[in-house]
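Undergrad: Any chance you could fold what I've pasted below:
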Amino acid sequence: MTQTLEIEMADDVFLSMQKDPKDLAKEMRLAAAVKWYELGLLSQGKAAEVAGLSRAEFIDGLSRFGVSPLQETAEEILKSLEE
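TA: Numbering: from 1, shown residues only. Predicted coordinates:
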């Protein structure tokens with residue numbers, strides 16, 4: 001099941017972003033997914049799904065926003081290797 005979200009946006013936002021409504025919606029989905037991934041609220045796969053992208057495309061999107069695809073610290077990685 002899917003749901004549709006409706007967001008009202010002033011016309012000047014589209015002009016300043018230089019995007020039509022469809023492209024801005026895609027950009028907003030990606031931005032939200034990246035932020036939620038960065039905050040640890042979504043896994044990489046789920047965030048890619050929210051963004052409407054493949055996982056590889058989502059990883060490319062992370063680099064656009066300057067977010068590392070690796071969300072574990074070196075310390076956490078070492079600890080998981082010990083277990």
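
Undergrad: For the protein, which segments count as helices?
TA: With DSSP state H, the ranges of helices along the chain come out as 11-17, 21-38, 44-51, 55-64, 74-82.

Undergrad: Which strands or helices does the last one pack on?
TA: The one in question is helix 74-82. Helix 74-82 sits against no helix or strand, with contacts defined as 3 or more Cβ pairs under 8 Å, 6 or more residues apart in numbering; DSSP states H and E. Glycine gets a C-beta too; all of them are placed from N, C-alpha and C.

Undergrad: What lies in contact with that helix?
TA: By Cβ atoms under 8 Å, 6 or more residues apart in numbering, the list of residues contacting helix 74-82 from outside reads Glu72.

Undergrad: same question for it, mean pLDDT?
TA: The predicted model assigns helix 74-82 a mean pLDDT of 77.

Undergrad: Can you mark which positions in that helix are buried?
TA: Going by neighbour count (16 or more other Cβ atoms under 10 Å), nothing in helix 74-82 comes out as buried.

Undergrad: what does the longest one give?
TA: For helix 21-38, the neighbour count (16+ other Cβ under 10 Å) marks Leu24, Met28, Arg29, Leu30, Ala33, Val34, Trp36, Tyr37, Glu38 as buried.
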